[in-house]
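>>> Provide a 3D model corresponding to the input given below.
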Amino acid sequence: MVRLLVAFAVVVVLVGLFLVLRPDPRAAGSRERTFEVFVEDGGMVPRELRVGEGDRVTLEVGADEPVELHIHGHGVELDAGPGGGAVVAFKAGLTGRFGIENHRSGREVGTLVVGPR
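Below is the predicted model of the structure:
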């Protein structure tokens, strides 16, 4: 009877340790993604950025005129302009298609596509 209780306690402890210490399965496939983008003539090059859910995304942004970019759904904002690029990093935590808008012109200049893992 004592052996059975000890074995049960060991199993409970091992299961608890597994649940606490296991890596997040969503983070296991995450990657570092860096994009160089340029906003010119009212559009962004490249027009679409594709990443996976959980990826750490870094944008290096340049522009031919002052821009104030906002990535919908991720709360990311940055200012860039001629002679002064900007760098911003964030985690792509939500899946879907998210517009990248230039608040100065009120126009969508690109799209961030976050695919599921």
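
>>> following element in sequence after the lowest-mean-pLDDT helix or strand in the chain, please.
The helix or strand of the chain with the lowest confidence, counting by mean pLDDT, DSSP states H and E, is helix 25-28 at a mean of 54. Toward the C-terminus, helix 25-28 is succeeded by strand 32-40 as the next helix or strand (DSSP states H and E).

>>> for that next one, buried residues please.
33, 37, 39 (16 or more other Cβ atoms under 10 Å). From N, CA and C alone the C-beta is placed, and that goes for glycine too.

>>> can you show me the strands along this protein?
32-40, 43-45, 48-52, 56-63, 67-71, 76-80, 86-91, 96-102, 107-115 (DSSP state E).

>>> check contacts around the residue nearest the centre of the chain.
Closest to where the C-alpha atoms of the chain average out (Cα atoms, centre = their mean) is residue 92, at 1.9 Å. Contact analysis of residue 92 by Cβ atoms under 8 Å, 6 or more residues apart in numbering lists 51-57, 74, 112, 114.

>>> on that earlier part again, dump the strands of the chain to JSON lines, plus mean pLDDT and distance to residue 2.
Output for those, formatted as JSON lines (pLDDT from 0 to 100; distance: least, Cβ to Cβ, whole Å):
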{"stretch": "strand 32-40", "mean pLDDT": "97", "distance to residue 2": "52"}
{"stretch": "strand 43-45", "mean pLDDT": "96", "distance to residue 2": "69"}
{"stretch": "strand 48-52", "mean pLDDT": "98", "distance to residue 2": "50"}
{"stretch": "strand 56-63", "mean pLDDT": "97", "distance to residue 2": "50"}
{"stretch": "strand 67-71", "mean pLDDT": "96", "distance to residue 2": "60"}
{"stretch": "strand 76-80", "mean pLDDT": "94", "distance to residue 2": "59"}
{"stretch": "strand 86-91", "mean pLDDT": "96", "distance to residue 2": "49"}
{"stretch": "strand 96-102", "mean pLDDT": "98", "distance to residue 2": "55"}
{"stretch": "strand 107-115", "mean pLDDT": "97", "distance to residue 2": "53"}
